[in-house]
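Asker: quick one, what's the 3D model for this:
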Amino acid sequence: MQTMANEQLQALSDVQAGALTAVIDAVSDGVVMSDLVGVQRCNAGALALLGAGSLGELQIGAERWVKRFALRRERHGPPLAAADTPMRVALTGCCDVQDLWATHADKGLDVALHCVALPIIANGRVEGSAVIFSDLEEKLQLRQKHDDLSRVQDLLQERDAELRALVDGVRDYAIYTLDTAGCVSSWHPGAEAMMGYSAGEAIGTHFTRFFTEQDRAEGRPALEMAQAARHGEFKGEGQRLRKNGSTFDAAVVLTALRGSHGEALGFLKLTQDISGRLSQQREREEVLASAVAARTEAARASQAKSDFLATISHELRTPLSAMLGWAHVLQRGQADARTLQHGLAAISRNARLQGQLIEDLLDMGRIEAGQLRLDLHRMELGSVIAAAIDSALPAATLKGIGLRTVSSPGSSWVMGDATRLQQVVANLLNNAIKFTPQGGQVSVSLTRARGQLQLTVSDNGQGIEPDFLAGMFDGFKQQDGSSTRAHGGLGLGLSIVRHLVRLHGGSVQAHSPGTAQGATFTVMLPLIDADAAGRAEAAPRHAGTAPVPRLDGMRVLLVDDEADMRAVTGQLLQGAGAELRLAASAAEGWAALQTFSADVVISDIGMPGVDGYEFVRRLRTRPAAQGGQTPAVAYTAFTRPEDRDKALAAGYEEHLGKPATLAQLVQTVADLARPLEGRPRSAP
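Answerer: Have a look, this model is predicted:
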């Protein structure tokens, strides 16, 4: 009786061992099993991956494995130490996962392998190892199907304990079997670790529970089973569902199991979590896309920079060439009175043009740095518009363009910076005059609309193309940026207008029916009550409207290392009546103050040796009799807000940007020589 029971148990064990052997042989990856002596068995996948002809070629020990198959961690790296081979690591009782390079013994080609090594433990001791090799570049096709049940039964005599240890030790793969209806019939620890279900929870349930709701709705589980039944196996990738509801990217193999007569026995399912690999692939694709985008943007920025520098060079050289040309003509001394007057007018006009280009560039720099400041006062917008029209009138007259103004009665008080608002109106007028042909018409109107002041500048000129209309307020944008364009400029005027209007709490819009149909620019500004403006407050002065004061009896020391600048500034000051002393350096300035009692000191900043900052610092350390308390103005081409702050911190009372008008220069000196209580410092 006992003998019969033992025979039945042995038969059951043989059946289980054979089933596990079938599982391993069905795996397309390579499997190599070793005991404490060496390799004892392998599957066909291992022979194909490594290029070995038989099991005997693998039974050569770890040291010869390294030499035979050139195992290494990097493609062109040094050989792996024998102790670091996957089978040796597993024999220490540890699981080992590593990516290795090997040389295909038959073809001599490099093969990238993903290796998983597991110890085979029996009775609490390490009895051997199992190593699974996966082709990282391309999974090999399953070499052989389960054709014949009798052949499967012939293989059911192998070592059950070792194969069970192999399957139970695998954690990178979920391995389970299905019956012909798709219900789980066996569930191994790797599947439990990956999917989260215990064997008791999984066995007997349909495998559709591991698919996402969308895949189930699309019939994907049935499709996989049908393809595996038709072709012997199904391979694919997709999303799978864990017990906790989370999803992961999976690579799956569903293999049909058939009997000796071809009858369906069920399916073997292997699932691998490839989320990490796909994540790395997506990251590589994102990095590549970012690199391409960055390279494209860098090329675009480089081209834009080149175009911008070329435009600046052209626009600055054009007036400079005119000034130098006329200066050469006048220096010859052969010009009659009419030619002299024409040349001086051309030099003056081009100097103002070049100065305006530079101011536009500086304003754009201040805008981008967020450093453009406003000096806000209650003021009437009508007087600002009148001043801007007076400034634009010569250019309009030269082209025979009519300037028409329309103003509705009523208050036009706003809270604003008079200089900056005049710049807004002037830019719009200059733009309209520039793009209006000879004999055209430009209209300026100021009306009240919805509790705001509406300033409108319209013309009957060349108009605006619809494609350009949306971006025309962007910096450095021009409707025609080609070398054959009819109109010059940097394309900054309208961008500065938009920013200044926004700083005043307003808005600006452009409208044009199309090419050759004119354009209209509309500025909306908040209106304030005339009573709130303070009836006793005097209206602010505007550039070009205030009379030039006299400097009779005032003593001025001018320090500037540039001889031409020193001479022309001196002429302007003397013409206003000032008594002048000139110095070409800081040292000459200090020496002059020993004998010349100046009422005001004017000094450049950028000078060789000792600059204007150091000049005034040392001046402030001197006694009053040597000019230590003399008011000083920094007259400089350094005109940024931070330059002004630095000059005032060094000891100057005022900061005036070059080039200044005669009125600005003389008024600044007069204010310093006869200081008024509470007088604000001048802006750059």
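
Asker: ok, residue 89 - contacts?
Answerer: Residues near residue 89 by Cβ atoms under 8 Å, 6 or more residues apart in numbering: 83, 96, 117. C-beta: built from backbone N, CA, C; applies to glycine.

Asker: inside strands: which ones of these?
Answerer: 96, 117 (DSSP state E).

Asker: per-domain residue ranges of the chain.
Answerer: 279-367, 373-526, 555-673 (automatic domain parsing).

Asker: neighbour-wise, which one of the contacts of residue 89 leads?
Answerer: residue 117 (24 neighbours; other Cβ atoms under 10 Å).

Asker: distance to residue 221 added to the domains of the chain, as TSV?
Answerer: What follows is the domains of the chain, written out as TSV (distance: least, Cβ to Cβ, whole Å):
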stretch	distance to residue 221
domain 279-367	25
domain 373-526	53
domain 555-673	70
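
Asker: am I right that residue 132 falls within a strand?
Answerer: Yes: applying DSSP: H, G, I helix; E, B strand; the rest coil, one finds residue 132 inside a strand.

Asker: what sits against it?
Answerer: Contact analysis of residue 132 by Cβ under 8 Å, 6+ apart lists 27, 29-31, 115-118, 170.

Asker: the domains of the chain: which one's closest to residue 73?
Answerer: domain 279-367 (17.9 Å; Cβ to Cβ).

Asker: span of the closest one from start to end?
Answerer: Domain 279-367 has its terminal residues 43 Å apart, counting by Cα to Cα, to the nearest Å.

Asker: and the closest residue to residue 597 other than its chain neighbours, what pLDDT?
Answerer: Nearest residue to residue 597 in three dimensions, chain neighbours excluded: residue 555, at 6.4 Å (Cβ to Cβ, 6 or more residues apart in numbering). For residue 555, the pLDDT comes out at 94.

Asker: which residues touch residue 555?
Answerer: Here residue 555 is in contact with 578-579, 581, 596-600 (criterion: Cβ under 8 Å, 6+ apart).

Asker: how about residue 79?
Answerer: By Cβ under 8 Å, 6+ apart, the neighbours of residue 79 are 66-67, 70-72.

Asker: so it versus residue 666, what's the distance?
Answerer: For residue 79, the distance to residue 666 (Cβ to Cβ, to the nearest Å) stands at 89 Å.

Asker: ok, now residue 127?
Answerer: Applying Cβ to Cβ, the value for residue 127 to residue 666 is 106 Å.

Asker: which one of those two is surrounded by more residues?
Answerer: Higher neighbour count among residue 127 and residue 666: residue 666, with 22 against 17, using other Cβ under 10 Å.

Asker: what's the distance between that one and residue 352?
Answerer: From residue 666 to residue 352 the distance is 18 Å (Cβ to Cβ).

Asker: with residue 362 instead?
Answerer: To residue 352, residue 362 is 15 Å away according to Cβ to Cβ.

Asker: farthest pair in the contacts of residue 132?
Answerer: 27 and 117 (15.3 Å).

Asker: poorly predicted segments of the stretch 401-550 of the chain, please.
Answerer: The stretch 401-550 of the chain contains residues with pLDDT under 70 at 408-410, 468, 470-471, 474-491, 529-547.

Asker: and the helices in it?
Answerer: Using DSSP state H, counting those that start in this stretch, the helices found in the stretch 401-550 of the chain span residues 418-434, 466-469, 493-503.

Asker: right, I'll call it a day here.
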